[in-house]
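Q: no sequence for this one, just the structure:
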């Protein structure tokens, strides 16, 4: 639907012509990050093959935009690593934290993705994850906006709601906010309907799903 310059023009049409582009882009980004934080949206999904140096418990190429892990799998064996809380790792796997080998689990410590045992340098793991969207600029093209173009209006309405609130126009702020929420409901219904050829099902539990769980 629109690049950021197009959105700035449309926000001007909404009555915000007197506000600076910087102010309007800040409102667009606030709406953007708000929307992206609501769901593990398909447009935020990424995949990466993780590599290791054999001496540290984190990946050499860990992504800087990692928001949440969807799945980490050994591509050679098909074994899926188990997610753990950092405090449980310390309690249950203290003796393997400094050991080099084949990881059996992953956890987060101060926002860093870590593995236990320390992965050998010969290993690789395929990770699917939810990413953080990059900040938009006043000249960002449409391709920089991760939301599908058909849903860009949600960004404009979210920004308009924030800008109206800045101008103490609570009525218009609420109006634009309500319209944004309706657009988000439409977007959710649209983006989560990705296949109809078979019903959803409960995934069978395999041995390796609980093999390493205490």
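A: Okay, I see it. Keep in mind it's a predicted model, so treat the numbers as computed, not measured. Numbering: from 1, shown residues only.
Q: from here on, contacts and neighbour counts on C-alpha atoms
A: OK.
Q: In three-state terms, label the closest residue to residue 12 other than its chain neighbours for me.
A: Leaving aside its sequence neighbours, residue 12 sits nearest to residue 18 (C-alpha to C-alpha, 6 or more residues apart in numbering; 7.8 Å). At residue 18 the chain is in coil, as set by DSSP: H, G, I helix; E, B strand; the rest coil.
Q: give the contact list for residue 109.
A: Contacts of residue 109 were listed using C-alpha atoms under 8 Å, 6 or more residues apart in numbering, and they are residue 86.
Q: so what are the domain limits for this protein?
A: 4-39+134-191, 42-131 (automatic domain parsing).
Q: Figure out the length between the terminal residues of the longest one.
A: By that I understand domain 4-39+134-191. End-to-end distance for domain 4-39+134-191: 22 Å, by C-alpha to C-alpha, to the nearest Å.
Q: show me where the protein has strands.
A: With strands called from DSSP state E, the chain shows them at 45-51, 66-73, 82-83, 100-101, 105-109, 112-116, 118-119, 124-131.
Q: Quickly note the distance from residue 13 to residue 19.
A: From residue 13 over to residue 19 (counting by C-alpha to C-alpha), the distance is 12 Å.
Q: more neighbours, the two?
A: A count of neighbours by other C-alpha atoms under 10 Å puts residue 19 above the other of residue 13 and residue 19, at 13 against 10.
Q: Pop out the phi and psi values for that one.
A: phi -80, psi 150 (degrees, to the nearest 10).
Q: mind showing which ranges of the protein have poor pLDDT?
A: Low-confidence segments of the chain (pLDDT under 70): 1, 194-214.
Q: Pull out the buried positions in stretch 110-127.
A: Neighbour counts over stretch 110-127 (16 or more other C-alpha atoms under 10 Å) mark 113-121, 123-127 as buried.
Q: quick one: which of those residues is nearest to residue 6?
A: residue 127 (35.3 Å; C-alpha to C-alpha).
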